[in-house]
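Engineer: Show me how the following folds:
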Amino acid sequence: MALQISRGIVPSAQKVVIYGVEGIGKSTFASNFPDPLFIDTEGSTKHMDVARLAAPKSWSELLQQIASVKAERPCKTLVVDTIDWAERLAASHIVAGAENAKIRSIEDFGYGTGYTKLVEEFSRMLDRLSDVADAGINVVLVAHADIRKFEQPEEVSSYDRWELKLSKSGQKKVAPVVKEWADAVLFLNYETVVESVSSGMGASKGKARGGQKRAMYCTHNACWDAKNRWGLPDKVPMEYEQIAEHIPADLGSASPAADPVEATGGSGISTAMARAAEADVQLKEIRERQEATKPVQADGPAAAKRPEAAARLPDMWKPVLQLAESAGVSVDEIKAYAVRRGHFTEDTPLENYPENYVAGALVTSWDAVLKNIMEEREIPF
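Structural biologist: Numbers count the residues shown, from 1 in each chain. Have a look, this model is predicted:
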């Protein structure tokens with residue numbers, strides 16, 4: 001069998017877990033992801049203007065909703081809010097299917113058997129959510145946070161830490177499976193500083209201050225679970241803009257991902273290359289139609305608009321401008337794309353866009369950007 005070898009970064013939908021303390025804005029943060037569709041298991045989005053499915057009344061209904069999202073692709077991000085309430089549906093499903101009528105809760109199975117079944121059921125859901133991500137739709141799981149005692153084998157005593165509010169009993173545990181599944185686990189909390197103050201007679205006690213500024217913790221710490229594969233620092237402000245460049249916005253409506261390189265009679269021509277060549281032909285035909293219908297105006301205001309706007313932009317824009325010129329796209333169309341996607345407001349000048357957005361969200365995802373611009377022109381692409 002010929003080996004299938006690929007190289008380089010592969011654009012793909014992201015699997016993100018967001019968890020945090022009560023009332024910090026987990027659902028609101030998730031609503032900033034591209035074109036979100038909520039499976040609201042606990043009714044936490046009733047006050048929000050978002051797209052949502054009917055709250056699932058059973059575990060089977062939840063799994064069916066996920067399968068339908070994969071099949072119909074009605075969104076660019078699927079949000080399950082929250083997974084600790086979804087876990088309750090899974091537990092009820094397991095209890096209802098028990099042969100022993102005396103079993104009334106997951107605890108009644110004994111010897112951790114119920115929790116083993118719970119991990120198996122939850123893994124089924126994660127597998128279906130992976131299928132959704134493979135279809136080009138970002139997946140966001142929202143969860144509550146809980147403080148638990150944590151014991152390290154090499155340490156003499158336990159300590160408190162923030163963790164996902166999921167089952168931690170028995171030999172098998174749901175929370176570790178969820179963390180392994182995700183590309184990023186982000187912990188949302190208020191920044192609090194504890195000061196040591198005197199309480200008299202040489203004694204001291206801790207006094208907390210702050211608790212109003214919200215932060216997003218992106219890497220592992222002894223006090224919380226977190227991780228990311230995007231190179232984010234340990235802590236950033238709790239703003240969606242901090243992760244926006246790492247979340248693809250157009251894979252959900254795109255074709256399935258290109259196939260890996262296939263050996264074809266030793267030529268090494270892949271399906272992806274064939275699709276790229278076909279896209280070039282389509283783009284050429286679009287340009288020809290545009291040129292045929294465009295009035296001749298060599299020195300009019302429209303002709304001068306593009307170079308004048310481009311001249312104001314810093315050097316970091318050069319790769320984007322080269323791509324835009326080759327595709328016949330104006331800087332105004334690029335700005336309209338950024339505004340349409342909710343990345344920036346209409347009054348934000350292009351020269352104020354950050355370099356990581358220009359080099360990341362625009363250059364590395366240019367095919368998706370161009371596709372969106374062409375669709376906005378109402379020209380088949």
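Engineer: Am I right that Gln212 is in a strand?
Structural biologist: Yes: judged by DSSP: H, G, I helix; E, B strand; the rest coil, Gln212 forms part of a strand.
Engineer: who's in contact with it?
Structural biologist: Neighbouring residues of Gln212 by Cβ atoms under 8 Å, 6 or more residues apart in numbering: Tyr190. To be clear about C-beta, it is placed using only N, CA and C from the backbone, and glycine gets the same treatment.
Engineer: For it, give its distance to Pro56.
Structural biologist: 35 Å (Cβ to Cβ, to the nearest Å).
Engineer: and what of Leu370?
Structural biologist: Relative to Pro56, and taking Cβ to Cβ, Leu370 is found at 38 Å.
Engineer: same question, Asp347
Structural biologist: 41 Å.
Engineer: residues in contact with Val21?
Structural biologist: Neighbouring residues of Val21 by Cβ under 8 Å, 6+ apart: 144-145, 188-190.
Engineer: go again using 10 Å as the cut-off
Structural biologist: Val21 makes contacts with 144-147, 162, 187-190, 214, as judged by Cβ atoms under 10 Å, 6 or more residues apart in numbering.
Engineer: thinking again about what came up before, and Leu370 and Pro56? Which one has more around it.
Structural biologist: Using other Cβ atoms under 10 Å as the criterion, Leu370 and Pro56 rank with Leu370 on top: 23 against 20.
Engineer: tell me what the helix or strand harbouring the more buried one is packed against?
Structural biologist: Element membership for Leu370, per DSSP states H and E: helix 366-376. Counting contacts by 3 or more Cβ pairs under 10 Å, 6 or more residues apart in numbering; DSSP states H and E, helix 366-376 is packed against helix 271-293, helix 318-327, helix 331-340.
Engineer: Apply 6 Å and report the result again.
Structural biologist: With contacts taken as 3 or more Cβ pairs under 6 Å, 6 or more residues apart in numbering; DSSP states H and E, helix 366-376 sits against helix 331-340.
Engineer: Pull the distance from the helix or strand following the helix it packs on to the chain's centre.
Structural biologist: Using DSSP H and E, the helix or strand that follows helix 331-340 in sequence is helix 355-356. Relative to its chain's centre, helix 355-356 lies at 19 Å (Cα atoms, centre = their mean, to the nearest Å).
Engineer: How about stretch 37-53?
Structural biologist: What separates the centre of stretch 37-53 from the centre of its chain is 17 Å, taken as Cα atoms, centre = their mean.
Engineer: Next, the buried residues of that stretch.
Structural biologist: Buried residues in stretch 37-53, counting neighbours by 16 or more other Cβ atoms under 10 Å, are found at 37-42, 44-45, 50, 52-53.
Engineer: want to try TSV for the residues you listed, with pLDDT and secondary structure as columns?
Structural biologist: As requested, these are arranged in TSV below (pLDDT from 0 to 100; DSSP: H, G, I helix; E, B strand; the rest coil):
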residue	pLDDT	secondary structure
Leu37	97	strand
Phe38	98	strand
Ile39	97	strand
Asp40	95	strand
Thr41	95	coil
Glu42	90	coil
Ser44	86	coil
Thr45	91	coil
Val50	95	coil
Arg52	96	strand
Leu53	96	strand
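Engineer: got those residues as TSV, with distance to Gln242 columns?
Structural biologist: Converted to TSV, these look like this (distance: Cβ to Cβ, whole Å):
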residue	distance to Gln242
Leu37	23
Phe38	22
Ile39	25
Asp40	25
Thr41	26
Glu42	26
Ser44	22
Thr45	22
Val50	21
Arg52	25
Leu53	28
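Engineer: Quick check: the farthest pair among these?
Structural biologist: Taking Cβ to Cβ as the measure, the buried residues of stretch 37-53 span a maximum distance of 16.3 Å, between Leu37 and Glu42.
Engineer: Buried residues in stretch 104-119, which are they?
Structural biologist: Of all the residues in stretch 104-119, those buried under the rule 16+ other Cβ under 10 Å are 106, 109, 112, 114-119.
Engineer: Name the weakest-confidence residue in these, if you would.
Structural biologist: Taken together, those show their lowest pLDDT at Gly112, with 79.
Engineer: ok, that residue to Glu120 distance?
Structural biologist: According to Cβ to Cβ, Gly112 stands 12 Å off from Glu120.
Engineer: Between those two, which contacts overlap?
Structural biologist: Common contacts of Gly112 and Glu120 (Cβ atoms under 6 Å, 6 or more residues apart in numbering): none found.
Engineer: can you map out the strands along this protein?
Structural biologist: 15-20, 36-40, 51-53, 77-81, 138-150, 159-164, 184-200, 203-217, 227-228, 235-237 (DSSP state E).
Engineer: now, of these, which is deepest in the fold?
Structural biologist: Using mean count of other Cβ atoms under 10 Å, the stretch among the strands of the chain with the greatest mean number of neighbours is strand 77-81 (a mean of 26).
Engineer: picking up where we left off before, I'd like to know which of the buried residues of stretch 37-53 is nearest to Asn221.
Structural biologist: For those, the nearest to Asn221 is Ser44 (26.2 Å; Cβ to Cβ).
Engineer: Return the distance of Leu188 relative to Ile243.
Structural biologist: From Leu188 to Ile243 the distance is 12 Å (Cβ to Cβ).
Engineer: ugh, typo on my part, it should be Asn189
Structural biologist: According to Cβ to Cβ, Asn189 stands 16 Å off from Ile243.
Engineer: now swap in Ala55 and tell me
Structural biologist: For Ala55 relative to Ile243 (Cβ to Cβ), the value is 27 Å.
Engineer: With Leu313 instead?
Structural biologist: Counting by Cβ to Cβ, the gap from Leu313 to Ile243 is 25 Å.
Engineer: Which one of the two is surrounded by more residues?
Structural biologist: The residue with more neighbours, out of Leu313 and Ile243, is Ile243; 21 against 17, by other Cβ under 10 Å.
Engineer: how close does that one sit to Ser27?
Structural biologist: Shown here: Ile243 relative to Ser27, a distance of 16 Å by Cβ to Cβ.
Engineer: Thanks a lot, catch you later.
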